[in-house]
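Trainee: Would you be able to build a 3D model of this:
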Amino acid sequence: MSLDVEMDLLRKAGLLLACAPPTYGGQGLGCNSDRHSVLTAFAVLRALGRASLSVARLYEGHMNAVKLVVLYASDAQKTQLLARLAEGQLWGVWGADGATPLSGSLISDTPTGPRRYMLHGQKAFASGLGLLDQAIVTFNKGPDGVALALVNVSEPKRQDKAAWRASGMKATWSGVYDFEGVQIDASVLIGKPGDYIKEPYFEGGIWRYCAAQHGAVEQIVRLWRARLEQRGRAEDPIQLSRLARARARLIAVYAMLRDACLQVETFVATKPSTGNFGLEDDRRNAVEMALLAREMTEEMAVVVMDDAKKSLGVEAHLPQSDLERIFRDLSLYLRQAGPDGKLLNAGRLYLAQSEERTRLW
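Mentor: Residues are numbered from 1 along each chain as shown. Below you'll find the predicted structure:
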């Protein structure tokens, strides 16, 4: 099944609209701060990760884009933009720059007309080429810093899918999008410069792709178990030990991710401080937990894949098999930008908190 068909199935199931708040016709998946909405979003991303990492990657980007609009757009913008989700639009977030980093120069600023910007440069690793209707992009606005804009990315002539040469995640329809010469109205700018990297939603938001990755590892263990049972090898003591360790790692990381997503998504900057800790403590702790969960998700996935390959032998490497595809996609998807920096940041956040706050009992 091709990715456009799969995304259309999500559209028909109402999952694209579901990311919008209830006041705009959705269910608040990924943007509401109540526990039920957060845990439902967590479950959906894991379920999609079990089915297809490429689909999960695009849905996670859509959820992130809607979240950014809900967080930082004006009320008028929300009314206008979120209505497009009911039309079935698919959104994404493109942060990585191409050979020429994306920037914008002011070309019109008159009392009678709207402010307009001319964009220059490209976005790389742009997932969903030919599928996305809109993407939130970061661009350099000059002295004001890095800004966000929700822009149309449906022009085929600007899409370069051939630029995506990675062995995994091929079905994400990724590549380079050329924005050179695109003009945008200031009305599509979302929030203020600097909003994009506000915490706990920037680094903290990595729980979303970790949930998809966890789902993929769950599927590896399911398929691995099924293969062993089909061949009558499941009761072998070594195989049982490997499966049990994989199961233990899945459960442990599930608990970390569940806790991390709740801490990040239920954080509300306007709530009163409680107990001995203030909002900054809550913010730092939420981001630290998300970063640590990312580290443990990667470690768990690498070990489980290695054990599964040892257990299944050549079968794990046969091209076009379901397991080989997941191994290939997950091995690439795990390699998010700056993993060492993320781990160092987690350490700094730990040191910034009081010893009392970091107790586990």
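
Trainee: Is residue 164 in contact with residue 170, as I believe?
Mentor: Yes: Residue 164 is within contact range of residue 170, at 7.2 Å (criterion: Cβ atoms under 8 Å). The C-beta positions use only the backbone N, C-alpha and C, and glycine is treated the same way.

Trainee: Which stretches in this structure count as strands?
Mentor: Secondary structure of the chain (DSSP state E): strands at 91-94, 103-108, 116-120, 122-126, 134-140, 146-152, 159-160, 175-178, 183-185, 189-190.

Trainee: angle of the fifth one against strand 122-126?
Mentor: This points to strand 134-140. 130 degrees (axes from the mean of the first three to the mean of the last three Cα atoms, to 10 degrees).

Trainee: Repeat that for the third one.
Mentor: Using the same axes, to 10 degrees, the direction of strand 116-120 lies 70 degrees away from that of strand 122-126.

Trainee: could you say what helices and strands strand 116-120 packs with?
Mentor: Counting by 3 or more Cβ pairs under 8 Å, 6 or more residues apart in numbering; DSSP states H and E, the packing neighbours recorded for strand 116-120 are strand 103-108, strand 183-185.

Trainee: Which strands border that strand, and is each parallel or antiparallel?
Mentor: Applying DSSP bridges to the sheet, strand 116-120 is found paired with strand 103-108 (antiparallel), strand 183-185 (antiparallel).

Trainee: Residues in contact with the last one: which ones?
Mentor: Around strand 183-185, the neighbours that count as contacts under Cβ atoms under 8 Å, 6 or more residues apart in numbering are 104, 107, 114, 115, 116, 117, 118, 119, 149, 151.

Trainee: one more time with 7 Å, if that's ok
Mentor: Residues from elsewhere that reach strand 183-185, judged by Cβ atoms under 7 Å, 6 or more residues apart in numbering: 114, 116, 117, 118, 119, 149, 151.

Trainee: List the buried residues of it.
Mentor: residue 184 (16 or more other Cβ atoms under 10 Å).

Trainee: that older thread, just the contacts of strand 183-185 now: which is nearest residue 282?
Mentor: residue 149 (30.1 Å; Cβ to Cβ).

Trainee: circling back: ok, so of the contacts of strand 183-185, who is nearest residue 86?
Mentor: Using Cβ to Cβ, the contacts of strand 183-185 come closest to residue 86 at residue 151, 19.9 Å.

Trainee: Alright, I will stop here.
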